[in-house]
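S.K.: here you go, sequence then predicted model.
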Amino acid sequence: MNNNKEVDFRVKVKRAINYINKNWYWVNIDEIVNHYGRRVLNNKDVSLALIKKRPSLYINLSDNNKSNKEIAIAAIKGSYNNYEIMPIQLQDDPELAIIAIKSGVKYSKLSEKAKSIKSVAAVALEVNSWEFCNVPEPLRNDLELAFPAIKDRVYNIAYAGNDVQNNKEVIDYVVKKSSLQYVPNIGSDLLNDKQYILHLINDYLQKEPVKVLCKYLGPDLVTDRDVALAAVSVDGMSIESFSDEIKNDEEVVLVAVRQNGRAIKIVNKRFKKDRKVALVALATNSDIFFDLDISLQTDPEVVRFNLVENYESSVQDQRFQQFYKTYMLFLTSQIIASQEELKKGYEELKEQLQGYEKKEASENKGISRNRKKRP
């Protein structure tokens, strides 16, 4: 008699599966229970057929079938939303986690244990490297895992571990791709490595990134003369990040002001009185003339050099040309007897400049009105 019951049960299972396959669009749990019984519904093969056709019904399965790995895989493939309602032991399973990711589950939605598995993280980053910031810290320090993510999206260097940020191959790649933005993410070991910093300055970095890099240099390198010379030869303003000793080094200062005359504003004050340094600075930036010491502002040689060598090339804005030329002639006439007289003359010419600006603004306004009147 038991054999007959078993045969009858198997027949019901086959009929239930056929029913599901034929009527999957509107099939529901109650109909299967009413037609074939609860035992048939709880059969693994029936539940599997049901989930393959209607993945949304996974939540209605028995706890035993929900815990079945084969059924769980079918449920995830059918609807990735089923992952979050699965038993935790299945969520922790790396195979199911990988299937979930490939089916559309975000890496951040995985269980903590699944996220900590390297193979799972690797697949997640292949699918979407944006998820690198959600990878546990130990894995973000894994070069094999981190470097491909950084190659795909260079900003991932900001989330990388210390070992990765101190890897020369990685930083070379980052600097090549985006030299300025990610300089702050260079590891502290490399920022104290003289030869590597010289390599970056000489081989990769352009003007602005060098200035940024120097702000993050290690304590030993901000006093290093070789590094300073390399940096200021690319961007004279980078001397700002170096020690007072470097800012007082005449050779370094000359290289800095030759690259950018404005560097004279941030080096040792004594160089504002140094004619040699001042002439080199003026050759590149004539507008630093008024930052020089008053003794040089009234020095005929310095004034004449600035007027003759730089007037045409450096003063492109017509609003300032007359002011500039008048003031220079004012100085070369050597009628200045004191700083008070110098200040007075400067203020008078400043008023004259403001008059030019108002006149120009009025003329531009008139031109604009005339344009509007045209048919």
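M.R.: Arrived safely.
S.K.: tell me which stretches of the stretch 1-150 of the chain form helices.
M.R.: 2-22, 29-36, 38-41, 44-53, 63-66, 69-78, 88-91, 94-103, 112-115, 118-127, 137-140, 143-152 (DSSP state H, counting those that start in this stretch).
S.K.: now those in JSON lines, with mean pLDDT?
M.R.: Output for the helices of the stretch 1-150 of the chain, formatted as JSON lines (pLDDT from 0 to 100):
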{"stretch": "helix 2-22", "mean pLDDT": "75"}
{"stretch": "helix 29-36", "mean pLDDT": "77"}
{"stretch": "helix 38-41", "mean pLDDT": "80"}
{"stretch": "helix 44-53", "mean pLDDT": "87"}
{"stretch": "helix 63-66", "mean pLDDT": "90"}
{"stretch": "helix 69-78", "mean pLDDT": "92"}
{"stretch": "helix 88-91", "mean pLDDT": "94"}
{"stretch": "helix 94-103", "mean pLDDT": "94"}
{"stretch": "helix 112-115", "mean pLDDT": "94"}
{"stretch": "helix 118-127", "mean pLDDT": "95"}
{"stretch": "helix 137-140", "mean pLDDT": "94"}
{"stretch": "helix 143-152", "mean pLDDT": "94"}
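S.K.: in a markdown table, list the ones you listed along with distance to Pro209.
M.R.: The way it works is simple: take the backbone N, C-alpha and C, and place the C-beta from them, glycine included. Formatted as a markdown table, those follow (distance: least, Cβ to Cβ, whole Å):
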| stretch | distance to Pro209 |
| --- | --- |
| helix 2-22 | 64 |
| helix 29-36 | 64 |
| helix 38-41 | 66 |
| helix 44-53 | 56 |
| helix 63-66 | 55 |
| helix 69-78 | 46 |
| helix 88-91 | 45 |
| helix 94-103 | 36 |
| helix 112-115 | 35 |
| helix 118-127 | 27 |
| helix 137-140 | 25 |
| helix 143-152 | 18 |
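S.K.: in CSV: the ones you listed, plus mean neighbour count.
M.R.: CSV is the format used below for the helices of the stretch 1-150 of the chain (neighbours: other Cβ atoms under 10 Å):
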stretch, mean neighbour count
helix 2-22, 13
helix 29-36, 15
helix 38-41, 17
helix 44-53, 21
helix 63-66, 15
helix 69-78, 21
helix 88-91, 17
helix 94-103, 21
helix 112-115, 18
helix 118-127, 20
helix 137-140, 16
helix 143-152, 18
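S.K.: and of those helices, who's closest to Asp203?
M.R.: helix 143-152 (19.5 Å; Cβ to Cβ).
S.K.: which residues does Leu145 contact?
M.R.: 118, 121-122, 125, 135, 139 (Cβ atoms under 8 Å, 6 or more residues apart in numbering).
S.K.: can you rerun that using 10 Å?
M.R.: Contact analysis of Leu145 by Cβ atoms under 10 Å, 6 or more residues apart in numbering lists 118-119, 121-122, 125, 132, 135, 138-139, 160-161, 164.
S.K.: please apply the same query to Val175.
M.R.: 154, 157, 182-183, 186, 199-200, 203-205, 209, 213.
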